[in-house]
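S.K.: pasting the sequence and the predicted model now:
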Amino acid sequence: MALSRRKALALIGGGTLLAATGAVGGFAATRTPNSAIRPWSLAGQYDDPRLNALSYALLAPNPHNLQPWQVRLEGDTGLTLIRDSTKALPETDPLDRQIFIGLGCFIEQMELAAGAAGYQTEVTLFPEGPDGPVANAELTRGGKADPLAAHILMRGSCKEPYEDRTVPAALANQLELLADIHTDPAMVDKLRRLTIDAWMVETMTPRTMQESVDLMRMGKTEINTNPDGIDLGGPFLEGLMVAGLLSREALSDPDSSGFQQGLTIYHDMLTATPAYAVVTTNGNNRTDQIAAGRRWLRLNLATTGMGLSLHPVSQALQEYPEMKEHYAQAHQMLAPEGHTVQMLGRLGYGPATQRTPRWPLETKLIDA
């Protein structure tokens, strides 16, 4: 998550901030983590069709940008997708549900990219059972391009306030093929309240908040060295770090003025939401979670193509004790009894997003 200048102002207090940035103006010239975002420019530059598809797949959305995937190439046309079990969110995703949704996004984007290159992909999920590899895939010639593939390199998750502008009914109806779309003002108000309350639980529960803080990569050097997690970079923020105004300690201290102002800004962001998208499944096993991820990826690409923004706000769907009340409320509001709400997202018109860091493809290949 790249933190915006506006949000940073709130996190660390506006008064001394501007003076600090002025003091580091020269330093601010080139702080783009070019190494960390290079995988975006390398996508589609591989001769092997599997590597070509994987170079796009690794750009898929995933929880906290953990990138929980590893791949082993098999023979000349196959590959095995393996979950990297070291990438987990034990506090906010204790059942690894969100991790497998991210793996579903990866599979869908791989298949879309392969199709755009003229290859069809035959995917077999969990060939050795739910505790084994996530999928085997075989790529053969004969695939067709899906129009959604054209939006892969423009896709992002927009974590900014959205415009005070309704989502047109015609677009909402199209998106209903992929998710439940809520635009009714009364329902939007209820969901807005739910997402704010659930986010506050996560933020004010020390162990869940600390999980996010521990995943922050602060500044160009950290982002380039570990291109995963929550990236806090750019010339403005790095100037604040140099000035000692932005630190992990401040971001994890609820008593700090910056933390309190950050609450206000994040609340305003969540409030500025004109619509919501919801993905549910009949069941909740690993195959269901992969399917939810595939649908979410297609939804994210479809919204991108429409000029809409999408931002997951699934805190109410997390399975830990402090969230129990909001989890129950979300399911009562959004799914038939016995079904599972897998994803809840803000939908609307927001500003363009920055590219998020990624590990190079080569670091995700095993036994290569």
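M.R.: Perfect, I can see it now. Note that the structure is a prediction, hence the values are computed from the model and not measured.

S.K.: secondary structure class for the nearest residue to residue 349 once chain neighbours are set aside?
M.R.: In space, and not counting its chain neighbours, residue 349 is closest to residue 163: 4.3 Å by C-beta to C-beta, 6 or more residues apart in numbering. All C-beta spots, glycine's among them, are computed from the backbone N, C-alpha and C. Assigned by DSSP: H, G, I helix; E, B strand; the rest coil, the conformation of residue 163 is coil.

S.K.: ok, residue 163 - how many residues close by?
M.R.: Neighbourhood size, residue 163 [other C-beta atoms under 10 Å]: 13.

S.K.: try residue 87
M.R.: Residue 87: 20 surrounding residues under other C-beta under 10 Å.

S.K.: quick one on the thing from earlier: ok, the residue nearest to residue 349 touching residue 350?
M.R.: Yes: with contacts counted by C-beta atoms under 8 Å, residue 163 reaches residue 350, the gap being 7.2 Å.

S.K.: convert stretch 87-105 to CSV, retaining C-alpha atoms only.
M.R.: The C-alpha trace of stretch 87-105 is given here as CSV (Å, rounded to 0.1, in the frame of the first residue of the first chain):
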residue,chain,number,x,y,z
LYS,A,87,3.7,-15.9,3.9
ALA,A,88,0.8,-15.7,6.3
LEU,A,89,-1.3,-13.3,8.4
PRO,A,90,-1.9,-15.3,11.6
GLU,A,91,-3.6,-12.5,13.5
THR,A,92,-6.0,-11.2,10.8
ASP,A,93,-6.3,-14.3,8.6
PRO,A,94,-5.9,-17.2,11.0
LEU,A,95,-7.5,-19.7,8.7
ASP,A,96,-5.5,-18.5,5.6
ARG,A,97,-8.7,-17.9,3.8
GLN,A,98,-7.6,-14.6,2.4
ILE,A,99,-4.2,-16.1,1.4
PHE,A,100,-6.0,-18.7,-0.8
ILE,A,101,-8.2,-15.9,-2.3
GLY,A,102,-5.0,-14.2,-3.4
LEU,A,103,-3.8,-17.5,-4.9
GLY,A,104,-7.1,-17.6,-6.8
CYS,A,105,-6.4,-14.1,-8.2
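
S.K.: list of residues touching it?
M.R.: 60-64, 66-69, 81, 83, 134, 202, 207-208, 210-211, 228, 284, 286, 289-297, 300, 314-315, 318-320, 342-343 (C-beta atoms under 8 Å, 6 or more residues apart in numbering).

S.K.: residue ranges with poor pLDDT in this protein?
M.R.: 1-30, 258, 368 (pLDDT under 70).

S.K.: hey, where'd the strands end up in it?
M.R.: 69-74, 78-83, 119-125, 135-141, 180-182, 216-218, 230-232, 275-281, 309-312, 340-348 (DSSP state E).

S.K.: out of the ones you listed, which comes closest to residue 38?
M.R.: strand 230-232 (14.0 Å; C-beta to C-beta).

S.K.: in its sheet, what does the closest one sit against?
M.R.: strand 216-218 (parallel) (DSSP bridges).

S.K.: list the buried residues for the strand it pairs with?
M.R.: Along strand 216-218, these residues count as buried under the neighbour rule (16 or more other C-beta atoms under 10 Å): 216, 217, 218.

S.K.: turn those residues into JSON lines, including distance to residue 56.
M.R.: Below are these laid out as JSON lines (distance: C-beta to C-beta, whole Å):
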{"residue": "216", "distance to residue 56": "27"}
{"residue": "217", "distance to residue 56": "23"}
{"residue": "218", "distance to residue 56": "28"}
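
S.K.: quick check: residue 163 vs residue 275, distance?
M.R.: Look at residue 163 and residue 275: by C-beta to C-beta, to the nearest Å, they are 12 Å apart.

S.K.: list residues touching both of the two?
M.R.: residue 348.

S.K.: helices along the protein, start to end?
M.R.: 5-12, 17-23, 34-42, 49-57, 97-116, 169-175, 185-204, 206-214, 220-225, 235-242, 248-251, 257-271, 286-306, 324-334 (DSSP state H).

S.K.: so residue 58 touches residue 362, yeah?
M.R.: No: counting by C-beta under 8 Å, no contact exists between residue 58 and residue 362, whose distance comes to 10.6 Å.

S.K.: relative to residue 77, which of the helices of the chain is closest?
M.R.: The closest of those to residue 77 is helix 49-57. By C-beta to C-beta, the value is 7.3 Å.

S.K.: I am finished for the moment; much appreciated.
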